[in-house]
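> pasting the sequence and the predicted coordinates here, then a few questions.
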Amino acid sequence: MVLHNKSAYPQVCFDLLAYMENKWQEYLTYHTISHIIDVANVCENYIAHYDLDQTNAKLIRVAAISHDIGYLSSPKDHEEVGILEIKPFLEPLFDSHQLERINGMIRATRVPQNPTNLYEEILADADLDYLGRSDYDTLSKGLYKEFRHFKMISNELDWLDVQIDFFKNHSYHTSFAKATRSESKNKKLKELKHKRASIER
């Protein structure tokens, strides 16, 4: 996975990626460096679509790169864990208001999502962009393996129940995501329901 618009990212983003690469665990088969870069790349589409200024775009890029660093410790409350972990990297570079903006965007990815402004909506939607994409099946296999590792599910039927429930309770926040991802996401939900019904028969 290649980071798009690489020159627009501050050096701290590459420092964080290097830090994560050195510490990442093999059992994290969905929450990977590739996922982080994917979310950052999706954010680039939002930055362009909403014609965001350089300052806000920079904060979004840092939040995108940082949003899952807490998985290095645990999936539980990983957003808050991650916010503490990135603090030494970011404090020398951003003022308190900017840090809170970044932290707010990271918190906005917590499920159930509850973003409070456009920037938080962007990161929340970018994090779950794959739900409405053609590569959902490929990416979700990694999440299935993670769920099995953490004993969150026992079998494929459990997995389908979790995914169907998640799809039904999730809505995109930005007008951009609603226009570009909702239809495909709804189609995938129908496929998941059909697959579950087939297993039960």
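Now that the structure is in, tell me what you want to look at.
> quick one: the helices in the chain?
Taking DSSP state H, the helices of the chain run over residues 11-23, 33-49, 54-66, 78-90, 96-107, 118-127, 136-149, 156-169, 175-200.
> could you single out the most deeply buried of those?
helix 118-127 (a mean of 24; mean count of other Cβ atoms under 10 Å). Where C-beta positions appear, they are placed from N, C-alpha and C, glycine not excepted.
> counting by contacts, list what that helix packs against.
With contacts taken as 3 or more Cβ pairs under 8 Å, 6 or more residues apart in numbering; DSSP states H and E, helix 118-127 sits against helix 33-49, helix 54-66, helix 96-107, helix 175-200.
> a markdown table please, covering those and showing distance to Asn114 and mean pLDDT.
Output for the helices and strands packed on helix 118-127, formatted as a markdown table (distance: least, Cβ to Cβ, whole Å; pLDDT from 0 to 100):
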| stretch | distance to Asn114 | mean pLDDT |
| --- | --- | --- |
| helix 33-49 | 18 | 98 |
| helix 54-66 | 16 | 98 |
| helix 96-107 | 8 | 98 |
| helix 175-200 | 16 | 96 |
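> these: which one's closest to Thr138?
helix 33-49 (11.1 Å; Cβ to Cβ).
> touching the closest one from outside, list them.
Residues from elsewhere that reach helix 33-49, judged by Cβ atoms under 8 Å, 6 or more residues apart in numbering: 1-5, 9, 13, 17, 20-21, 24, 52, 57, 60-61, 64-65, 67-68, 122-123, 125-127, 129-130, 139, 174, 176.
> one step back: so which of the helices of the chain gets nearest Leu72?
Here helix 11-23 is closest among these (Cβ to Cβ), at 4.9 Å.
> what's next to the closest one, contact-wise?
Where contact means Cβ under 8 Å, 6+ apart, the residues beyond helix 11-23 that reach it are 33, 36-37, 40, 61-62, 65-66, 69, 72, 86, 89-90, 93.
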